[in-house]
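Trainee: quick check, what structure comes out for this input:
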Amino acid sequence: MHLQVSSVCKSFGYGPKTKPVLDAVSFDLHSGQFLALVGSSGSGKSTMMRLIAGLDRPSSGEIRLDGELIRGPGADRGMVFQKYSLYPWLTAAQNVAFGMRLQGRPKAEVRERTAYFLEVVGLVDSARLLPRELSGGMQQRVAIARALAAEPKVLLLDEPFGALDLQIRESMQDFLHRLWMQTGLTALLITHDLEEALLLAQQVHILAPRPGRIVRSVNADLDRSSLAHLRVSQPFLALREELASCLRSLDSTLTA
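Mentor: The predicted model follows:
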């Protein structure tokens, strides 16, 4: 799998009211890799995700998945949003199965894969519960299971834990890391949370705002055998402070 973002620009509006949102953004994501885009408000993170998801088109540049130009939404990209986006009238199992049923998969395969991914995300005992009967973290795990069950080439994570409180967010970060290790999924995370990006992603791109553009890229070569230990390790803290300083300087430039 190869996701290639090449010199992508995006503007909204026309003539003198044109507002540039992204400026010449380029990066690559390969099979099994976990990559993060980090930036403050106005850096175009969500716009970039919408373009990759095929929900919008670049003003210039191109986005390709395995050589094919992305022109619209497709089952080869699974999307997980900050808001859980579950169907409230469907059970956890029915939500997981929903995308596979749209794909027209055989009923036996849908049942088997639904059971498998509920087990993967640790929700076998909650299969018959409705979303309102699940905690926020459990709902987000259902959303991730639903996205993975449809066998996308890449999982797109749009601030997936932003609506959760600190304790649940940390447990979900641990869960997502274990899931990546267990399944070898390919993931692209956008977040304003620098710590979250460094905990999860092998490579982190820093986006400057207005218009969004990559100003710093780092390979986060860290020991992730235990995220609890990583959070307080010196290499992690040093890299976090280095990149936080970069983000602060970008913000101060805007407000100067």
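
Trainee: going by C-alpha atoms from here, please, whenever you check contacts or count neighbours.
Mentor: OK.

Trainee: what's around the nearest residue to L200 once chain neighbours are set aside, how many residues?
Mentor: In space, and not counting its chain neighbours, L200 is closest to H177: 6.2 Å by C-alpha to C-alpha, 6 or more residues apart in numbering. Other residues within reach of H177, judged by other C-alpha atoms under 10 Å, total 19.

Trainee: average pLDDT for whatever helix or strand H177 lives in?
Mentor: Taking DSSP states H and E as the definition, H177 sits inside helix 166-183. Over the span of helix 166-183, the pLDDT mean works out to 88.

Trainee: can you give me the strands in the stretch 51-200 of the chain?
Mentor: Ranges of strands in the stretch 51-200 of the chain, per DSSP state E, counting those that start in this stretch, are 60-65, 68-69, 77-80, 154-158, 187-191.

Trainee: show residues contacting the second one.
Mentor: Right, strand 68-69. Strand 68-69 has contacts (C-alpha atoms under 8 Å, 6 or more residues apart in numbering) with 62-63.

Trainee: now the first one
Mentor: When contacts are defined by C-alpha under 8 Å, 6+ apart, strand 60-65 is touched by residues 1-10, 24, 51-52, 69-70.

Trainee: are any of these buried, and which?
Mentor: 2-10, 24, 51-52, 70 (16 or more other C-alpha atoms under 10 Å).

Trainee: per-residue pLDDT, F81?
Mentor: 84.

Trainee: ok, now how distant is it from L189?
Mentor: Distance, F81 to L189, by C-alpha to C-alpha, to the nearest Å: 10 Å.

Trainee: overlap in contacts, the two.
Mentor: 157-159.

Trainee: tell me which of those residues is nearest to Q182?
Mentor: Q182 has its nearest neighbour among those in L157, at 17.6 Å by C-alpha to C-alpha.

Trainee: measure the closest one to L179 for me?
Mentor: 14 Å.

Trainee: give me the more crowded residue out of these two.
Mentor: L157 (20 against 15).

Trainee: contacting residues around that one?
Mentor: So L157 contacts 79-81, 187-190 (C-alpha under 8 Å, 6+ apart).

Trainee: recalculate using a threshold of 10 Å.
Mentor: 36, 49, 78-82, 144, 187-191 (C-alpha atoms under 10 Å, 6 or more residues apart in numbering).

Trainee: how far away is it from L189?
Mentor: For L157 relative to L189 (C-alpha to C-alpha), the value is 5 Å.

Trainee: next one: S225
Mentor: 20 Å.

Trainee: look at the two and report which has more neighbours.
Mentor: Neighbours were counted for S225 and for L189 using other C-alpha under 10 Å; L189 has more, 23 against 10.

Trainee: what's the burial count for A36?
Mentor: Neighbours around A36, by other C-alpha under 10 Å: 25.

Trainee: sorry, that was for H205
Mentor: Around H205 there are 21 residues (other C-alpha under 10 Å).

Trainee: show me the shaky parts of this protein.
Mentor: The model of the chain has pLDDT under 70 over residues 84, 252-256.
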